[in-house]
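From the sequence below, what's the structure:
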Amino acid sequence: MFLAASVIVFAIYFGNVALGAFAGAAFLGDVGEMLVLFGATVLFVVAILQKEADRKDKNGS
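Below is the predicted model:
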C-alpha cells in the first residue's frame, strides 16, 4: 500500500516537472515540489521498512 502511494505521489511530482519544462504551466511552486518529493521519499522508506519487517517475521529472526 505504501509503495503504491509512493509511486502515485512521485508521479504527481514528475508530472509537475514535465509540465513546467514542456508547457511552462507547473501547478506546484518550489516549496510544493519539495514537500511532494519529501512525501514520496517518506512513503518509500516506510514501504521498504515494512517489507524488511515482514521478511524478518517470515524467517523467524
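
contacts and neighbour counts: CA atoms only from here.
Fine.

how close does the nearest residue to residue 12 once chain neighbours are set aside sit to residue 13?
Nearest residue to residue 12, sequence neighbours excluded (C-alpha to C-alpha, 6 or more residues apart in numbering): residue 36, at 7.8 Å. Distance of residue 36 to residue 13, given as C-alpha to C-alpha, to the nearest Å: 6 Å.

Tell me which of these two has more neighbours.
Neighbour totals were compared for residue 36 and residue 13, and residue 13 leads with 22 against 19 (other C-alpha atoms under 10 Å).

mind checking which helix or strand that one is in?
Per DSSP states H and E: residue 13 is located in helix 2-22.

in the protein, which ranges drop under the pLDDT threshold?
Residue ranges of the chain with pLDDT under 70: 61.

Identify the single longest helix in it, thanks.
As assigned by DSSP state H, the longest helix anywhere in the chain is helix 30-59.

and it, what does it pack onto?
helix 2-22 (3 or more C-alpha pairs under 8 Å, 6 or more residues apart in numbering; DSSP states H and E).

Now do the helix it packs on: everything it contacts.
For helix 2-22, contacts defined as C-alpha atoms under 8 Å, 6 or more residues apart in numbering pick out 25-28, 33, 36-37, 39-41, 43-44, 46-48.

again with stretch 41-59
With C-alpha under 8 Å, 6+ apart as the contact definition, stretch 41-59 has outside contacts at 1-3, 5-6.

mind saving the C-alpha coords of it as CSV?
Extracted in CSV, the C-alpha atoms of stretch 41-59 (Å, rounded to 0.1, in the frame of the first residue of the first chain):
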residue,chain,number,x,y,z
THR,A,41,10.5,9.6,-0.1
VAL,A,42,8.9,9.0,3.3
LEU,A,43,6.3,6.7,1.8
PHE,A,44,9.0,4.7,0.0
VAL,A,45,11.1,4.4,3.2
VAL,A,46,8.0,3.2,5.2
ALA,A,47,7.3,0.6,2.5
ILE,A,48,10.8,-0.7,2.5
LEU,A,49,10.9,-0.9,6.3
GLN,A,50,7.6,-2.8,6.3
LYS,A,51,8.9,-5.3,3.8
GLU,A,52,12.0,-5.8,5.8
ALA,A,53,10.0,-6.4,9.0
ASP,A,54,7.8,-8.9,7.1
ARG,A,55,10.8,-10.7,5.9
LYS,A,56,12.3,-10.9,9.4
ASP,A,57,9.0,-12.3,10.7
LYS,A,58,8.9,-14.9,7.9
ASN,A,59,12.4,-16.1,8.6
